[in-house]
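>>> this one's sequence-less:
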């Protein structure tokens with residue numbers, strides 16, 4: 001049987017926006033991105049990027065977009081700066097742009113290092129630098145932080161946030177909930193080739209009407225007293241902390257303040273993980289961790 005990787009996907013990205021395709025491995029995110037980039041011919045429908053079709057291969061469009069693939073390849077035995085100068089030559093932009101963009105992605109200190117000596121996070125930054133060197137209007141990123149440790153991932157997010165300061169439009173795929181929440185203005189949740197929801201991260205959570213969880217340190221308040229607070233739907237203390245579940249957090253917080261029980265309080269609102277579970281009936285995190 002033929003696999004239907006992308007099934008009637010429709011979305012629009014506004015200029016200057018960061019738009020994320022969020023979903024587990026196999027959801028159709030990469031296939032969708034490849035069609036938008038002009039790397040794959042759609043079996044049906046239409047794709048338009050910057051007012052023109054990316055397929056058949058549109059060389060005029062290539063100068064206006066930047067693409068970072070999941071498996072970016074570099075030329076062996078070249079340093080980071082030599083890799084970038086090669087790309088500047090291919091695009092016909094001044095060679096000085098290589099130093100400029102290397103500094104932009106935080107790799108100025110690694111300019112003369114051989115590509116093989118760079119860490120995973122540094123290679124990802126260099127890959128994005130190669131996609132940025134010709135000042136594209138739209139930057140496509142496919143799982144930009146996949147395989148990185150948490151520190152390298154955070155550093156990459158900081159770098160991408162600075163890139164967006166240039167008003168570059170960014171379209172990315174990810175299976176990291178936090179990455180989508182941190183970077184994206186809007187998120188499309190994908191599963192089995194379809195877009196299930198499309199909105200701002202906050203908008204998706206609001207639609208879910210997810211409760212707020214207020215976590216209190218052990219012994220801060222008895223479970224019985226907490227359960228009597230108006231607006232508290234349920235309580236839980238299996239994890240050691242006392243968790244109050246509510247859809248009226250302002251009222252509950254005001255009462256906790258009156259009871260002098262705010263010390264050490266943590267507030268956890270609904271997340272994109274809650275949205276994904278509501279839409280699909282299963283968590284995203286467990287699947288992607290197992291599939292990695």
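Now that the structure is in, tell me what you want to look at. Note that the structure is predicted; figures quoted are calculated from it, not measured.
>>> quick check: pLDDT value at the nearest residue to residue 192 once chain neighbours are set aside.
Nearest residue to residue 192 in three dimensions, chain neighbours excluded: residue 27, at 6.5 Å (C-beta to C-beta, 6 or more residues apart in numbering). (Glycine included, C-beta is placed from N, CA and C.) Per-residue confidence (pLDDT) for residue 27: 92.
>>> quick one: residue 27 and residue 188 touch, right?
No - here residue 27 does not reach residue 188: they are 10.2 Å apart, not a contact under C-beta atoms under 8 Å.
>>> who touches both of these two?
Counting by C-beta atoms under 8 Å, 6 or more residues apart in numbering, the shared contacts of residue 27 and residue 188 are residue 21.
>>> ok, back up a step: the residue nearest to residue 192 and residue 47: what is the separation?
Residue 27 is 18 Å from residue 47, where distance means C-beta to C-beta, to the nearest Å.
>>> which one's more surrounded, those two?
Per other C-beta atoms under 10 Å, whichever of residue 27 and residue 47 has more neighbours is residue 27, with 26 against 16.
>>> the more buried one - that's part of a helix, no?
No - under DSSP: H, G, I helix; E, B strand; the rest coil, residue 27 falls outside any helix and is assigned coil.
>>> how much space between it and residue 284?
9 Å.
>>> so for residue 168, what's the nearest residue that isn't a sequence neighbour?
Distance criterion C-beta to C-beta, 6+ apart; nearest residue to residue 168, sequence neighbours excluded, is residue 139 at 5.3 Å.
>>> is that neighbour in a helix, a strand, or coil?
Per three-state DSSP, residue 139 ends up strand.
>>> and the next element down the chain from the one helix or strand residue 66 maps to?
Residue 66 belongs to strand 65-68 when elements are defined using DSSP states H and E. For strand 65-68, the succeeding helix or strand toward the C-terminus, using DSSP H and E, is helix 80-91.
>>> and that next one, what's its mean pLDDT?
In this model, helix 80-91 has an average pLDDT of 95.
>>> stretch 245-265 too?
93.
>>> now the end-to-end length of that stretch.
Using C-alpha to C-alpha, to the nearest Å, the end-to-end distance of stretch 245-265 comes to 13 Å.
>>> rewinding a little: number of nearby residues for the residue nearest to residue 168?
Residue 139 has 23 neighbours, counted by other C-beta under 10 Å.
>>> ok, now how distant is it from residue 276?
Note on residue 139: its distance to residue 276, by C-beta to C-beta, is 25 Å.
>>> and residue 150, by the same measure?
Taking C-beta to C-beta as the measure, residue 150 falls 20 Å from residue 276.
>>> what about those two, which has more around it?
A direct count of neighbours by other C-beta under 10 Å for residue 150 and residue 276 places residue 276 higher, at 25 against 9.
>>> give the contact list for the closest residue in space to residue 273 that isn't next to it in sequence.
Spatial nearest neighbour of residue 273, excluding adjacent residues (C-beta to C-beta, 6+ apart): residue 177 at 5.0 Å. If you count contacts by C-beta under 8 Å, 6+ apart, residue 177 has them with 22, 271-273, 276, 284-285.
>>> what about burial for those, which qualify?
Neighbour counting with 16 or more other C-beta atoms under 10 Å marks 22, 271-273, 276, 284 as buried within the contacts of residue 177.
>>> determine which two of the residues you listed are furthest apart.
The span of those, defined through C-beta to C-beta, is set by 22 and 271 at 11.7 Å.
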